[in-house]
Structure formats: structure tokens, C-alpha cells
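K.L.:
Need a 3D model of the sequence below.
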Amino acid sequence: MTLEEIVRERTFSIRDAVDQIAARCLNLQNEIIAAEDSRKRSYTEITKQRTLETERRRLMEEAGSKVAEAQTELEGIERQRSEAVDRLLERQAARDDATKRLKEAQRLFEEAQERTKDSRERIDGANRELAEKEKERGDYNSQLRNCLMQSVECYLAELAKRIEHAYLAQEDRQKRLAAASEFKKARHEKLEIGDLCDQLDQLRILVSMATVPPVREMLQSSIKSIEDQLETLYPGALKIEQPLGELGLIEDLHYYPDANGKAVFLLPIERSAWEKIESGAACREAGEAFQLLWSMAKELQLKPADGRFDLQRGWCVFSSDYDPDDVMLLEGFDLPLPGAGSLRFRLSPVPPEIREALTHANSNT
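P.N.:
Numbering: from 1, shown residues only. Model prediction:
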């Protein structure tokens, strides 16, 4: 699988959860805005009703004062009693109306206070849920970054295995070619081997022409007997005679920009192989890893000032002094295999989301 396929497979469920959380966060933010608007309207209504309450209280006090004045006039001036009574009744009605309006203002004020309380509770609840969702989104983002980093490690491990298999396949190819050469030489130089091979060729021709089943079975038995003799003398001789296919492999060697914008190359060399190289251990793992580093340095014409090889989360990397645009001008390099053939490595940038995960991981180490 390619790196992109591994990433897509391992992050599908997490991406879906992150999208759902992001949608819920947007809804909560809209609810908070609506609640804030309602609260502002309630505060405006409270201010308005308080102003009306003050004005009506003033009117009630004025009406009460005038009632008292009218009562005094009624006691002092009997002649004007009828008019004073009318004024008294009128002003009592005004006072009653002001009292009624005051109660209505108080009722509206209490309702506005209740709406403000409800709005505050909704805002507090939405803020609590928003904080929870933000934390949950952070947790999912952390899981996503971990999954992406695991995808990188999985890709490097699979690439290391493919390189190892290429070495083994090429070595097997060389052994088979050497064995084929020895068998061919024996066929021409040793009379008994040449006779057996000639007999085998003739019998195969006769089998292809035979139409009677018993005769065909007898010929096949003879072929099996000769093949067994050749296998005993030259193990695998008949398989070696089969044509060998050409070995070819092109792989992506990924890089990403570090915090300073310099390219860091991810190499398919595990910590154990790197430590064996550093200790000078003579083993197959260290030899193949060193050959990869040497081929990269040689063909890309790397100098000590161009960067350094070191470990990063258990894998070898080349922290270069190249800008990513400079790396795009490089054509990659070949890794020679035993005997003949080579592996071709293309220099490819990592996908953007993996670049962000690598940058985040490096900033925390």
C-alpha cells in the first residue's frame, strides 16, 4: 500500500468524528450568539421599564399631592366642594391608573429578569458543552496525529522490508544464474549429463505426440525418473533452466520541511540498524543500511555542510540544509544491488496533513 492509502485507511473514522464535532461546535457558537442577543434585548427592556416605573411613581406622588391639596381645599372652601370632589375623583382615578401601570411595569420587569436568567443559563450551558467539545476535538486531533505518525512508521517499515526482499531476490537471482551456468557447462562437458538431457528432450517431444493414455503415462514416468536423477546430481537444475525475470523497483523517499523550513528526509533504516552502523558491527542489516546511506550521499553529492544523519522517533533521518524547492530539482538516486540491478528512489514530499503531524511531533520533543 502507498503512504496515502495507509493514511486514508487509518484516519477515516477519526476524520468523520472531527467533522461531526466541528459541526456541533458551530451550532453551539450560533446558540451562544442568539442567547447574547436575547440578553441584550432583555437588558434594554429592563432599562425602559425602570424609566417608566420612575416616571409613573413620580406621577403617582404628584397625584397624591394634588389629592391632599384638593382635600384641604374641600375642608377650607365648601363652595368649591363639588368641583374639588370632581378633581379629587379625577385625580384618584389618575392615581389608580398610575398604580396599575406601576404594577404592569413591575410585572414586565420581573419577566425580563426571568428571561435574562434563562439566557444566562443557556449561555453557561452552551459554554460548558463548547468547552467539552473543544476538549473532545483536541483529543481526536491528538489521536489523528498519532495515527498519521503510525502510518509513517508503518510505511517506513514496509519500505525497509521491500528493500530487504529486493536484496534477497537479487542474491537468489545471482545464485540461480551461477547454478544455471554450472549446469549448462556440465551438460556440454559431461557425457552422462548430456545424454540425460537429450533423453529428457526426446521424451518430452514424444509425450506431446502420444495419444494412447498408457503410453503417455509410461513416457511421463520415464521423464520423472530422469528429472529425479538430474535433481540428485544438480539440485534445482531443471528450475534454474527456467528464464529469470528482470528485477525492477521504484520507491518514494519522502521528506518534509522542519520548523526552519529545511527538508528532512525519512529513511527506511530502523534504530537497530543505525546503532549497528555507529558501533561498526559487521552484519547484513548494518551493511545494507550503510549502502543506502552511501548511495544517497554519493549520488545526491551530499557534503557535511549539507546536513546530518541522526535518529528521529526510532528511524534514521537526514536533516538537510536544503529548502524544499531545492529538493524538487534533485532527481533521486539508485541503490545498487548485489551482482546487477538497482533500486530507484524518487524524492517526494509527504502529504500536507502528515507534514503538520510531523511538525507538531517535533515541536513537542
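
K.L.:
which SS class is R128?
P.N.:
helix (DSSP: H, G, I helix; E, B strand; the rest coil).

K.L.:
what residues are up against it?
P.N.:
By C-beta atoms under 8 Å, 6 or more residues apart in numbering, the contact set of R128 is empty. No exception for glycine: its C-beta is placed from N, CA and C like everyone else's.

K.L.:
can you start the count at 18 instead of 1 from here on
P.N.:
In the new numbering, first residue 18, that becomes R145.

K.L.:
where's it relative to L45, distance?
P.N.:
As judged by C-beta to C-beta, to the nearest Å, R145 and L45 stand 10 Å apart.

K.L.:
What of Q66?
P.N.:
For Q66 relative to L45 (C-beta to C-beta), the value is 31 Å.

K.L.:
buried sites along stretch 292-300?
P.N.:
Judged by neighbour count (16 or more other C-beta atoms under 10 Å), stretch 292-300 contains these buried residues: 293-294.

K.L.:
Residues touching that stretch, excluding its own?
P.N.:
Stretch 292-300 has contacts (C-beta under 8 Å, 6+ apart) with 302-303, 306-307, 310.

K.L.:
Closest to Q37 out of the residues you listed?
P.N.:
Set against Q37, the nearest of these by C-beta to C-beta is A306 (43.8 Å).

K.L.:
Check the spacing between that closest one and F362 real quick.
P.N.:
The spacing between A306 and F362, counted by C-beta to C-beta, is 14 Å.

K.L.:
So L346 belongs to a strand, correct?
P.N.:
No: in this structure, L346 is coil, not part of a strand, as judged by three-state DSSP.

K.L.:
Just the buried ones from the contacts of stretch 292-300, in PyMOL syntax?
P.N.:
Selection of buried members from the contacts of stretch 292-300 for PyMOL, criterion 16+ other C-beta under 10 Å:
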select buried, resi 302+303+306+310
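
K.L.:
In helices, which of the contacts of stretch 292-300 fall?
P.N.:
Counted as lying in helices by DSSP state H, out of the contacts of stretch 292-300, are 302-303, 306-307, 310.

K.L.:
Next, count neighbours for W311.
P.N.:
W311 has 12 neighbours, counted by other C-beta atoms under 10 Å.

K.L.:
how far away is it from R330?
P.N.:
Taken as C-beta to C-beta, the span from W311 to R330 is 23 Å.

K.L.:
Next: D189.
P.N.:
Plainly put, D189 is 33 Å away from R330 if you go by C-beta to C-beta.

K.L.:
ok, now S359?
P.N.:
29 Å.

K.L.:
Can you name the element that comes right after the helix or strand hosting K152?
P.N.:
Element membership of K152 [criterion: DSSP states H and E] is helix 98-206. The helix or strand immediately downstream of helix 98-206 is helix 208-226, counting by DSSP H and E.

K.L.:
quick one: that following helix to helix 98-206, angle?
P.N.:
For helix 208-226 against helix 98-206, the angle by axes from the mean of the first three to the mean of the last three C-alpha atoms, to 10 degrees is 120 degrees.

K.L.:
Quick one: mean pLDDT over helix 208-226.
P.N.:
Average pLDDT, helix 208-226: 80.

K.L.:
And stretch 53-64, by the same measure?
P.N.:
Rounded to a whole number, the mean pLDDT of stretch 53-64 is 83.

K.L.:
who touches it?
P.N.:
Stretch 53-64 has contacts (C-beta under 8 Å, 6+ apart) with 125-126, 129-130, 132-133, 136-137, 140.

K.L.:
Same question for that stretch: list its buried residues.
P.N.:
55-56, 59, 62-63.

K.L.:
Turn these into JSON lines, including distance to E209.
P.N.:
Formatted as JSON lines, these follow (distance: C-beta to C-beta, whole Å):
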{"residue": "S55", "distance to E209": "105"}
{"residue": "R56", "distance to E209": "105"}
{"residue": "S59", "distance to E209": "110"}
{"residue": "E62", "distance to E209": "115"}
{"residue": "I63", "distance to E209": "116"}
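
K.L.:
wait, which of the residues you listed is closest to L213?
P.N.:
Among the buried residues of stretch 53-64, S55 lies closest to L213 (C-beta to C-beta), at 100.0 Å.

K.L.:
Give me the angle between the helix or strand where that closest one lies and helix 98-206.
P.N.:
Using DSSP H and E, S55 sits within helix 20-93. Helix 20-93 and helix 98-206 meet at an angle of 180 degrees, taking the same axes, to 10 degrees as the criterion.
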